[in-house]
Each structure stands twice: as C-alpha cells, then as structure tokens.
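Participant: sequence and predicted structure, then a few things I'm wondering about:
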Amino acid sequence: MVRSPLTLLLLSGVLALSPFAHAADAAKEAPAEEAKEMTIGSVAPPIDIEHWMSTGDGKFQAFNEFEPGKVYVVEFWATWCGPCIMSMPHLVDLQKRFGDQGVTIVSVSDEPLETVEGFLKRDVMQQGGEAEAAEGEAKPTYAELTSAYCLTTDPDESVKKDYFQAAGQSGIPCAFVVGKDGKIEWIGHPMGMDEALEAVVAGTWDREAFATEFKQTQMVGKLANNAVRAARDGDYAKFDELVKELESLEVNEEMAEQIKRNVAQLKNMALASMFTNDPERAIAELKARGSDLGPQELVSLGLQIAQMKSRGAEISPELTATVTKMLEDAAGETPDAISQFALGQLAYAGGDVDKAITYLQAASASEGIDPRMKPMIEQTIKKWEEEKASAAEAPAEN
C-alpha cells in the first residue's frame, strides 16, 4: 500500500513530521550560541559522551577518537522525537549490514540519564500504536532493539554543539557520516543515508560533489530557520524579507524546486504561528488564500490548532470554525479518513465531544484507511468517550 506523507505524519505522532511542527522544533533545536562551523570535509571532532547505554551487544567500546580506516555514524535523537524512534529499526539494519565492514553507529541524545533509561524500558511500538511481538513471545523493549548499535546520552550537549549546532542543523533525527580519514562525508536524515554510507564504505563516495550541494542546503536552511524564528516572534515584515531572499538565491534547478516547496511550507508555518500571535490576521489570511489551500494543507493546519489547544494555548473559536468550514468544503461529500480525523480533532478543540467522536468513528470506518491508523483512532475515541462519561457523572455546580 502506498501511504501518503500525511498518513505517515499521523502515524509517527501527530504533526511530528509536519512543516508546521518545525516552527517549534527549530526553536527548540536552534543553536543557542555560536559554534565552530562544520560542513562536508570538516575534520570530525572527538566525541566526549557522558553515558553509553549500549555498545552493540558488547562488540564496541566507549571511545572519544575516531580510528583511521573505519567509518562512523553519529546520529542525534531524543526520546520525545517520533521520527527518531521510527528510525531505530533502520539503524539496527544498517549496523548489521555494515558492521563487519568497519562501521559503528552512535546515537546521541542530550537528555538526562534517567529519561533515557525510562524510555529504554518501554515496549517497542509498531507505528499503529500496538506493542510489537511475535505470537507467544515477550514484547521487546527499546533497550533490546537498540542494543545492536551504540545508544548514548550526553546531557552537557558538548557533542551536539560540536556537530549538530556547528553544522547549522535545526531538526532531529540528524546523522553525520564520518569517513575513513576522519572527515565529515555526509549530513542528513538517517533514513536517507544508505546510498552515501555504502559509497563511503566502498571508497566511491564523491565528497566534493556532495559538499557543493550541501553548502546550498546550509544556506537555504539558515534563511529558512531565521524565517521560522521571525514568524514565531510575530515579526512578519522580517519574515517576508527572508522569504524574498530565499527565493532570490542562485541555485541549481533541483534546489530551486526544493526552495519553492520550502517557501510554501514556510508560508503555511507563518500562517499557523498567527493562530496565537494574531488570530484576526490568521482568519483574514485564510480567507484570502481560500482555494489555494488544499485538503492536505488544511488537515495540517487543523491538527496544528488541535495540538496548540491541547498544550493550553488560547485559540479563537472563530479561527477553529473557519478552518473547519474550509476543510469540510475542500474534503467534499466523501472526506477521506485523514480529513475525518482532522475534523474530529478540530471539533474536540472546539468543545464538541459528540461531534468529535462521530468524525473519528467515520474515519475508522472509511474505505481505504491505512490499517495502522485504526488503533490510534480507536484509542482516541475510547479516551474521549471516557472523558464524556466522567463529565456526565460529575456533580453539577450550583
């Protein structure tokens, strides 16, 4: 079954992969202070990691310096990061595939030891929400899953500063491939590093070509991150300036297309930031853009409203109603499961639990629904029904 990006978004934890979520992620992961710049071809600094939780089933030892002739992956993750957790089985596969060829994978969190230890005790979850285990077998824990490679945490953030911040990265998971000569060969999302890692191991990787491409990516990322911060702070004039600068960059055709997509995402992110910064402006912007916003964008905006509301933000009822009406119109007479799910979340954010449950029941019963969505939807329905029952049993206030 081919799964849409938005389905994967929902399955990895609502909005975890959404462009709107990056507003918060960029703020959380943005460099707090200047670090020595890192790019492709830079010498990889030693890694001074405080806590090594696993070492590849004892195949590796804790280390600081990279051994010449060997290849390393330094990957940044966190227990709260859905995409990081989704990447873990892939890291296991890569370590098993390339381990005998001198590859060592080291995943680095910056959380307290107790936080990571607690996470590792949890059962491994399928993307649909159920613990994964063969019939008759005990459910594996994340400690057992990640024992194949080196999983660590470094609360003083020294390694994060030397790599993640120095390279101007703004979201996790993020992996750095260190080559046989101790220099950075590749930087990016761990789910996309297979080809590069294989070439580095084989000695066929074109570092210079990737360095040129990555410098463009760094420049685009820097402008995009600054635009995110401007929108987060409500400085929309600055945001517009940065977007214009981004659009004016002289880049290759492939990067130009990427910038076009990034700009669309940034404008949607800025719109989402108005939900709390300037609700009236957000409503005006929504109405002005009208049919330019497709169902997938409106679903993401709706989920962003629901997420903000769940975190205690004050959301204008008129804003919630506006997005709901636009999504209903865009989805048509037979909305798909994802649209039904978003409409349910919007109804719940607006205080209409009965309508919210009805929407989610329809989503669960929709033809063509990704089966991995159903457990999440059914758990949400159960939770809301319990809340409704508790409210009904509560004594009325005089």
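Facilitator: Yes, it's here. Numbers count the residues shown, from 1 in each chain.
Participant: now stretch 36-48: mean pLDDT?
Facilitator: For stretch 36-48, mean pLDDT rounds to 93.
Participant: buried sites along it?
Facilitator: Applying a neighbour-count criterion of 16 or more other CB atoms under 10 Å, one finds 38, 40, 42, 44, 45, 47 buried in stretch 36-48. (C-beta placed from N, C-alpha, C; glycine too.)
Participant: list the contacts of the closest residue to residue 194 other than its chain neighbours.
Facilitator: Distances taken as CB to CB, 6 or more residues apart in numbering place residue 94 nearest to residue 194, at 7.1 Å, with adjacent residues excluded. Contacts for residue 94 (CB atoms under 8 Å, 6 or more residues apart in numbering) come out as 73, 103, 105, 193, 194, 197.
Participant: is it true that the fourth one touches residue 175?
Facilitator: Yes - at 5.5 Å, residue 193 and residue 175 qualify as touching, with contact defined as CB atoms under 8 Å.
Participant: from residue 75, how far out is the residue nearest to residue 194?
Facilitator: 10 Å (CB to CB, to the nearest Å).
Participant: which residues are common contacts for the two?
Facilitator: residue 105.
Participant: residues making contact with stretch 260-280?
Facilitator: By CB under 8 Å, 6+ apart, stretch 260-280 touches 19-20, 22-23, 220, 224, 227-228, 231-232, 234, 236, 239, 243, 246-247, 281-282, 285-286, 289, 297, 300-301, 304-305, 308, 313-316, 318-319.
Participant: residue 193 and residue 175: who's more crowded?
Facilitator: Counted by other CB atoms under 10 Å, residue 193 and residue 175 do not tie: residue 175 has more neighbours, with 27 against 22.
Participant: how about residue 343: what's its closest non-neighbour residue?
Facilitator: residue 359 (4.7 Å).
Participant: avg pLDDT for the helix or strand hosting the one you found?
Facilitator: Residue 359 belongs to helix 353-365 when assigned by DSSP states H and E. Mean pLDDT, helix 353-365: 94.
Participant: after that helix comes which helix or strand?
Facilitator: helix 373-393.
Participant: any buried residues in that following helix, and which?
Facilitator: 373, 374, 375, 376, 377, 380, 381, 384.
Participant: quick one: low-confidence parts of the stretch 1-150 of the chain?
Facilitator: 1-35, 126-137 (pLDDT under 70).
Participant: do a quick rundown of the helices in it.
Facilitator: 5-11, 22-29, 82-98, 113-120, 142-145 (DSSP state H, counting those that start in this stretch).
Participant: quick revisit: in strands, which of the contacts of stretch 260-280 fall?
Facilitator: Judged by DSSP state E, the subset of the contacts of stretch 260-280 located in strands is empty.
Participant: any of the residues you listed buried? List them.
Facilitator: Members of the contacts of stretch 260-280 classed as buried by 16+ other CB under 10 Å are 19-20, 22-23, 220, 224, 227-228, 231-232, 236, 239, 243, 246, 282, 285-286, 297, 300-301, 304-305, 308, 315, 319.
Participant: and for residue 193 and residue 175, which residues touch both?
Facilitator: In contact with both residue 193 and residue 175: 73, 186, using CB under 8 Å, 6+ apart.
Participant: out of the buried residues of stretch 36-48, what pair is the most spread apart?
Facilitator: Across the buried residues of stretch 36-48, no pair lies farther apart than 40 and 47, at 18.3 Å, counting by CB to CB.
Participant: let's have the buried residues of helix 373-393 in TSV, adding pLDDT and distance to residue 367.
Facilitator: Output for these, formatted as TSV (pLDDT from 0 to 100; distance: CB to CB, whole Å):
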residue	pLDDT	distance to residue 367
373	82	13
374	86	13
375	87	18
376	86	18
377	90	14
380	92	20
381	94	18
384	95	23
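Participant: now those as JSON lines including distance to residue 151?
Facilitator: Shown next, in JSON lines, are the buried residues of helix 373-393 (distance: CB to CB, whole Å):
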{"residue": "373", "distance to residue 151": "29"}
{"residue": "374", "distance to residue 151": "31"}
{"residue": "375", "distance to residue 151": "27"}
{"residue": "376", "distance to residue 151": "26"}
{"residue": "377", "distance to residue 151": "31"}
{"residue": "380", "distance to residue 151": "31"}
{"residue": "381", "distance to residue 151": "35"}
{"residue": "384", "distance to residue 151": "36"}
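Participant: just give the nearest non-adjacent residue to residue 378, would you?
Facilitator: Nearest one to residue 378, counting by CB to CB, 6+ apart, is residue 364 at 6.2 Å.
Participant: isn't the one you found right next to residue 380, touching?
Facilitator: No - using CB under 8 Å, residue 364 makes no contact with residue 380, being 9.5 Å away.
Participant: ok, the contacts of residue 94 vs residue 369, which is closest?
Facilitator: After measuring these against residue 369 - CB to CB - the closest member comes out as residue 194, at 30.0 Å.
Participant: relative to residue 82, how far out is the closest one?
Facilitator: Residue 194 is 21 Å from residue 82, by CB to CB.
Participant: who has more neighbours, these two?
Facilitator: residue 82 (19 against 14).
Participant: ok, now how distant is the more buried one from residue 376?
Facilitator: For residue 82 relative to residue 376 (CB to CB), the value is 12 Å.
Participant: what does residue 66 give?
Facilitator: With CB to CB as the criterion, residue 66 and residue 376 are 41 Å apart.
Participant: same check on residue 308?
Facilitator: 19 Å.
Participant: tally of neighbours for residue 226?
Facilitator: Residue 226: 18 neighbours (other CB under 10 Å).
Participant: what pLDDT does the model give it?
Facilitator: Looking at residue 226, the pLDDT reads 92.
Participant: returning to what we had before: which of the buried ones among the contacts of stretch 260-280 fall within helices?
Facilitator: 22-23, 220, 224, 227-228, 231-232, 236, 239, 243, 246, 282, 285-286, 297, 300-301, 304-305, 308, 319 (DSSP state H).
Participant: as a markdown table, the buried residues of stretch 36-48 with distance to residue 110 would be great.
Facilitator: As requested, those are exported to a markdown table (distance: CB to CB, whole Å):
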| residue | distance to residue 110 |
| --- | --- |
| 38 | 17 |
| 40 | 24 |
| 42 | 21 |
| 44 | 18 |
| 45 | 16 |
| 47 | 13 |
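Participant: show only the entries of the residues you listed found in strands.
Facilitator: Per DSSP E, the buried residues of stretch 36-48 never map to strands.
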